[in-house]
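> Below are the sequence and a predicted model; questions follow.
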Amino acid sequence: VTFRFSRKLDGASAQKLSDALEETPGVVSVSLHNLEPTDGDDWTVALTTQGPAAQAEIFQRIHDVEPGLLAKEDILEEILPDKDWLRHVHENFPPVTIGKFFVYGSHYEGAVPHGFEGLRIDAATAFGSGEHETTKGCLLALQKLVAQGIEVARGLDMGCGSGILAVGMVKLWPEARFNAVDIDPESVAVTNRHAALNNVSDKIAAQAGDGYQAPLAGAGAPYDVICANILAGPLIEMAADTAKCLKQDGFAVLSGLLRRQRDDVVAAHEKEGLALVFAEEMGEWQALVLQKKS
């Protein structure tokens, strides 16, 4: 059974709701959907259950996030048909190329094309399969840093989700070591799994924690590069910590923001001594590359 909330939510509320619903009994997956691709503030949440859902538990968790956030009439219920789900995954998550990266799932049976670097990433219970514009923007921005001859010994993936950016950075800088942090323990588990699938477990350490308060985040500082694909609000709130954990002349690759949010994100980081170097634009979405200046 799939339950989708028809009411539009802002990004922060949608993320809080998604986090709260993940632990609901019977829920096997929770996903966020942007209802308006040109406006990142119109989100809905969908959850899929194995059998009938514990609706009372669902509404209690919604109430705990924000009383009155959603009403019962906001819920759209759909009984999922029997289907060949393996074939469904094949059809809906085909391999994608992002610059030099060839991103594919475990269901893909072909070879990595000549001249490409393979990233084996499965659609999972954490954000980051390579399909979203923000993920693409970060991977393209990181490749530009490599093309410019930027050397990296230590890096951080803040809000790692699936770990695709951490794994991607290892592929770009094979001799470097990377830390990965996410507030969701499930994301850390998925990151570790993807590190193993890509044979880079020895290059990535992952830990659950609240942003830069996670011990692992500070333990690896200062970093040559910090990548954070989250939302504009948290990026702004973390600006001071990002600057503190970044080496002099180090780079921050930031995404999860729209073009109209760019100036606010840049301004918050300029106050901390970072300067915009360039931006990758993917439709309305942005991936910013800033450098810590003296």
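Great, that's in hand.
> make it CA atoms for all contacts and neighbour counts henceforth
OK.
> what are the ranges of the strands in the stretch 151-294 of the chain?
154-158, 177-182, 204-208, 223-229, 246-258, 274-282, 285-292 (DSSP state E, counting those that start in this stretch).
> Those strands into CSV, with extra columns for mean pLDDT and distance to S18?
Formatted as CSV, those follow (pLDDT from 0 to 100; distance: least, CA to CA, whole Å):
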stretch, mean pLDDT, distance to S18
strand 154-158, 98, 19
strand 177-182, 97, 15
strand 204-208, 96, 17
strand 223-229, 97, 17
strand 246-258, 95, 17
strand 274-282, 94, 25
strand 285-292, 95, 21
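> In JSON lines: the ones you listed, plus mean neighbour count.
Formatted as JSON lines, the strands of the stretch 151-294 of the chain follow (neighbours: other CA atoms under 10 Å):
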{"stretch": "strand 154-158", "mean neighbour count": "27"}
{"stretch": "strand 177-182", "mean neighbour count": "26"}
{"stretch": "strand 204-208", "mean neighbour count": "22"}
{"stretch": "strand 223-229", "mean neighbour count": "26"}
{"stretch": "strand 246-258", "mean neighbour count": "23"}
{"stretch": "strand 274-282", "mean neighbour count": "18"}
{"stretch": "strand 285-292", "mean neighbour count": "25"}
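> Can I get those in TSV including distance to I98?
Converted to TSV, those look like this (distance: least, CA to CA, whole Å):
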stretch	distance to I98
strand 154-158	18
strand 177-182	21
strand 204-208	22
strand 223-229	16
strand 246-258	16
strand 274-282	12
strand 285-292	14
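> tally of neighbours for the nearest residue to H194 once chain neighbours are set aside?
Leaving out its chain neighbours, the residue that sits closest to H194 by CA to CA, 6 or more residues apart in numbering is I121, at 6.3 Å. For I121, the count of nearby residues is 25 (other CA atoms under 10 Å).
> Would you quantify the distance from I121 to T97?
Plainly put, I121 is 12 Å away from T97 if you go by CA to CA, to the nearest Å.
> Also D249?
D249 is 30 Å from T97, where distance means CA to CA.
> now R177
To T97, R177 is 25 Å away according to CA to CA.
> give the contact list for the closest residue to Q291 other than its chain neighbours.
Once flanking residues are discounted, Q291 sits nearest to F251: 4.5 Å by CA to CA, 6+ apart. Contacts were defined as CA atoms under 8 Å, 6 or more residues apart in numbering; by that measure F251 touches 224-226, 289-292.
> Widest-spaced pair of the residues you listed?
D224 and V289 (12.6 Å; CA to CA).
> what pLDDT does the residue nearest to H194 get?
You'll see I121 listed with a pLDDT of 90.
> For it, what are phi and psi?
In terms of degrees, to the nearest 10, the main-chain angles of I121 are phi -130, psi 120.
> for the stretch 51-200 of the chain, which spans come out with low pLDDT?
Along the stretch 51-200 of the chain, segments meeting pLDDT under 70 span 51-54, 75, 78-93, 123-131.
> tell me the helices in it, going along the chain?
Under the criterion DSSP state H, counting those that start in this stretch, the stretch 51-200 of the chain contains helices at 55-65, 85-92, 133-147, 164-172, 185-197.
> Tell me which of these approaches K271 most closely.
Among the helices of the stretch 51-200 of the chain, if distance is taken as CA to CA, the winner is helix 133-147, at 22.5 Å.
> CA atoms of that closest one as CSV?
The C-alpha coordinates for helix 133-147 follow below in CSV (Å, rounded to 0.1, in the frame of the first residue of the first chain):
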residue,chain,number,x,y,z
GLU,A,133,20.1,17.4,-10.7
THR,A,134,21.8,18.3,-7.4
THR,A,135,23.7,15.0,-7.3
LYS,A,136,24.7,15.5,-11.0
GLY,A,137,25.8,19.0,-10.3
CYS,A,138,28.0,18.0,-7.4
LEU,A,139,29.7,15.2,-9.4
LEU,A,140,30.3,17.5,-12.3
ALA,A,141,31.7,20.3,-10.0
LEU,A,142,34.1,17.8,-8.4
GLN,A,143,35.3,16.6,-11.8
LYS,A,144,36.1,20.2,-12.7
LEU,A,145,38.2,20.6,-9.6
VAL,A,146,40.2,17.5,-10.7
ALA,A,147,40.6,19.0,-14.2
